[in-house]
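Participant: 3D, please:
(chains A, B, C and D)
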2 protein chains.
Amino acid sequence: MTVSAPETVEIEAGEGRREKSKAANRQAILTAARRVFAQLGYDGATVRDIIRGTELASGTFYNYFKSKEEVFEALADDGARRFRPVLRAARESAASFEDYIYTAVHAYFSFLVQEHQSGAHPLKDRGPHVRSSTPETLAVYEEVRDGVAEAIAKGVAPKVDPDFLAAASIGVAQEVGDVMLRQSPPNIDAATRFVADFILGGVQKAASK
Amino acid sequence: MTVSAPETVEIEAGEGRREKSKAANRQAILTAARRVFAQLGYDGATVRDIIRGTELASGTFYNYFKSKEEVFEALADDGARRFRPVLRAARESAASFEDYIYTAVHAYFSFLVQEHQSGAHPLKDRGPHVRSSTPETLAVYEEVRDGVAEAIAKGVAPKVDPDFLAAASIGVAQEVGDVMLRQSPPNIDAATRFVADFILGGVQKAASK
DNA sequence: AAGAAAGTTGACGGGCCGTCACAGGCGCGC
DNA sequence: GCGCGCCTGTGACGGCCCGTCAACTTTCTT
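Facilitator: Next comes the predicted model:
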């Protein structure tokens, strides 16, 4: 018998139109949201602004996200999800604690600059600075903590509270990262050296108690 | 001629009713805002929520602030305005760079705990974390930078980029401060030791380049 | 005491929110 | 191919919040 239709031949992941459009819509919303948040700031942006940046109707937005806050978190999650494997790789390939810190910091700053240039951040100057803590974001935090905890367990890093150390490292990287982004062009290497050394010196001294 | 009225006798600061009520209203709004932000989070709060926490009418709010964002900034400014002199005093009375850092960090953490307990922060768990950069906030940043710059100039601190150092110090203090506040009760001394040592070790190592 | 100045009030038009009844297309079984 | 459900997009709707403003009240001035 003649095979009815070649369209349904695939056994596998070649999704149907339904799924494709779903993914496309979600992506369209996220992309528009990125642009809108960058232009108007988190506070100034409205769900309508975001949806107007797509071809979709207002109601459709709510098939994908509950609120603009959730979109924002999705964007944060997205960044974290892309960054975490990089961090993990740095941990696994590191020859020493120094190497790990240096590589991780460098990766973070490269990541920052990349995100920054892709128009994610130009946040209209005024307006509260906003940061989200999503599951994926927390996972990055935990990755950092586990990284340092492992180093401590192996004896290659001094003994300090891993939570404090992770928090301190993240804090330094974040704030210096901000300063770096204000430079033009950002000097990734200089910032990396400073931050990595700062962390290494800090952990050493903090441990000497 | 008879002096018209004894009411206008005062030469000085005893303000009239007008000014008094103005100050009282502004304060009432700020107080209500503190409570409302704590309960509903910055995002969840509305100008109406704030004004409902006072005896005032909705329109009156706009005689004092342009938006809830401006109230938030006023609160941030308030905190910064109270903290800066403390920081300055620490700088002026410090016997050494180590002493300065230690004292400043301790002051910051005490301040944090105090603010935290006065119900300022219990920010409903979910929701983006929000931080404001107001003139007064920036002034605190500059105070820190000037503090370390002075130390470097005097030769009591290693030579590093003051902007990086200030940013790094603030970052460490902030993040570790967050972790500390999650403890109950917060161990100010332990956190202070960790952060002060971390900064001192960090600056030393970062300078050795 | 009376007019001017300053401040407060709450109702109003406009916009955004989140929902929902409806419609249109996709997948699936025949 | 064909038609029937189901899934998803649609945009209008009631409700809430926003920021303004004309009218009113209180304070200050002369």
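
Participant: Looking at the residue of chain A found nearest DNA strand C now. What's its pLDDT?
Facilitator: The minimum distance from chain A to DNA strand C, using CB to the nearest atom of the strand, falls at A:Gly16 (2.4 Å). Every residue, glycine included, has its C-beta placed from N, CA and C. With respect to pLDDT, A:Gly16 has a value of 79.

Participant: List the residues that contact it.
Facilitator: If a contact means CB atoms under 8 Å, 6 or more residues apart in numbering or on different chains, then A:Gly16 has no contacts.

Participant: So A:Ile199 sits against A:Ala167, correct?
Facilitator: No: taking contacts as CB atoms under 8 Å, A:Ile199 lies outside contact range of A:Ala167: 11.6 Å.

Participant: For the two, indicate the residue with more neighbours.
Facilitator: A:Ile199 (30 against 26; other CB atoms under 10 Å in any protein chain shown).

Participant: Show me what counts as buried in the helix or strand of chain A with the lowest mean pLDDT.
Facilitator: Of all helical and strand segments in chain A, the minimum by mean pLDDT, DSSP states H and E falls on strand A:129-131, at a mean of 80. For strand A:129-131, the neighbour count (16 or more other CB atoms under 10 Å in any protein chain shown) marks A:Val130 as buried.

Participant: Next secondary structure element downstream of that strand?
Facilitator: helix A:135-154 (DSSP states H and E).

Participant: Could you pull up the mean pLDDT of the next helix or strand after that following helix?
Facilitator: Once helix A:135-154 ends, the next helix or strand along the chain (criterion: DSSP H and E) is helix A:162-182. For helix A:162-182, mean pLDDT rounds to 95.

Participant: Briefly note if helix A:162-182 comes near chain B.
Facilitator: Yes: Helix A:162-182 is in contact with chain B by CB under 8 Å from any CB of the partner chain, via A:163-164, A:167-168, A:170-176, A:178-179.

Participant: which element follows that helix toward the C-terminus?
Facilitator: helix A:188-207.

Participant: So which elements touch that following helix?
Facilitator: helix A:97-115, helix A:162-182, helix B:162-182, helix B:188-207 (3 or more CB pairs under 8 Å, 6 or more residues apart in numbering or on different chains; DSSP states H and E).

Participant: same thing but at 7 Å, please
Facilitator: helix A:97-115, helix A:162-182, helix B:188-207 (3 or more CB pairs under 7 Å, 6 or more residues apart in numbering or on different chains; DSSP states H and E).

Participant: okay, those in TSV with distance to A:Ala80 next?
Facilitator: Converted to TSV, the helices and strands packed on helix A:188-207 look like this (distance: least, CB to CB, whole Å):
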stretch	distance to A:Ala80
helix A:97-115	10
helix A:162-182	12
helix B:188-207	25
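
Participant: Which positions in chain A make contact with DNA strand C?
Facilitator: Neighbours of DNA strand C within chain A, by CB under 7 Å from any atom of the strand: A:4, A:8, A:16-19, A:46-49, A:58-59, A:62, A:67-68.

Participant: mind redoing it with 10 Å?
Facilitator: Residues of chain A lying close to DNA strand C (CB under 10 Å from any atom of the strand) are A:4-5, A:7-8, A:15-22, A:45-52, A:57-63, A:65-70.

Participant: of those, buried ones?
Facilitator: A:Ala45, A:Val47, A:Asp49, A:Ile50, A:Ile51, A:Phe61, A:Phe65, A:Lys68, A:Glu69.

Participant: show me the contacts for the nearest residue to the first one once chain neighbours are set aside.
Facilitator: To tie it back to what came earlier, the one meant is A:Ala45. Excluding the flanking residues, the one nearest A:Ala45 by CB to CB, 6 or more residues apart in numbering or on different chains is A:Val36, at 4.8 Å. Listed by CB atoms under 7 Å, 6 or more residues apart in numbering or on different chains, the contact set of A:Val36 reads A:Ala45, A:Asp49, A:Ile50, A:Gly53.

Participant: What pLDDT is listed against A:Val36?
Facilitator: According to the prediction, A:Val36 has pLDDT 93.

Participant: Can you tell me the element it falls in?
Facilitator: According to DSSP H and E, A:Val36 maps onto helix A:17-44.

Participant: picking up where we left off before, just the buried residues from the residues of helix A:162-182 next to chain B, in ChimeraX please.
Facilitator: Buried residues within the residues of helix A:162-182 next to chain B, by 16+ other CB under 10 Å, are selected in ChimeraX with:
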select /A:163,164,167,168,170,171,172,173,174,175,176,179
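
Participant: now the residue in chain A that DNA strand D sits nearest to: how far from A:Leu30?
Facilitator: Across chain A, no residue is closer to DNA strand D than A:Gly59, which sits at 1.6 Å (CB to the nearest atom of the strand). Distance from A:Gly59 to A:Leu30, counting by CB to CB, to the nearest Å: 18 Å.

Participant: Chain A against chain B: which residues are in contact?
Facilitator: Taking CB under 7 Å from any CB of the partner chain, the part of chain A that reaches chain B is made up of A:42-43, A:69, A:72, A:127-133, A:163-164, A:167-168, A:170-172, A:174-176, A:178-179, A:193-194, A:197-202, A:204-206, A:209.

Participant: at 6 Å instead, please
Facilitator: Residues of chain A lying near chain B by CB under 6 Å from any CB of the partner chain: A:128-132, A:163-164, A:167-168, A:170-172, A:174-176, A:179, A:194, A:197-198, A:200-202, A:204-206.

Participant: Tell me how many other residues surround the closest residue to A:Phe109 other than its chain neighbours.
Facilitator: Leaving aside its chain neighbours, A:Phe109 sits nearest to A:Ile188 (4.8 Å; criterion: CB to CB, 6+ apart). A:Ile188 has 18 neighbours, counted by other CB under 10 Å.

Participant: where's A:Ile188 relative to A:Leu181, distance?
Facilitator: Distance, A:Ile188 to A:Leu181, by CB to CB: 10 Å.

Participant: and the end-to-end length of stretch A:47-60?
Facilitator: End-to-end distance of stretch A:47-60 (CA to CA, to the nearest Å): 11 Å.

Participant: Distance of the nearest residue to A:Val140 once chain neighbours are set aside relative to A:Ile199?
Facilitator: Distances taken as CB to CB, 6+ apart put A:Ala80 closest to A:Val140, at 4.8 Å, once the chain neighbours are dropped. According to CB to CB, A:Ala80 stands 20 Å off from A:Ile199.

Participant: Which positions in chain A make contact with DNA strand D?
Facilitator: Taking CB under 10 Å from any atom of the strand as the measure of proximity, chain A contacts DNA strand D at A:2, A:4-5, A:7-8, A:17-19, A:21-26, A:28-29, A:48, A:51, A:54-64.
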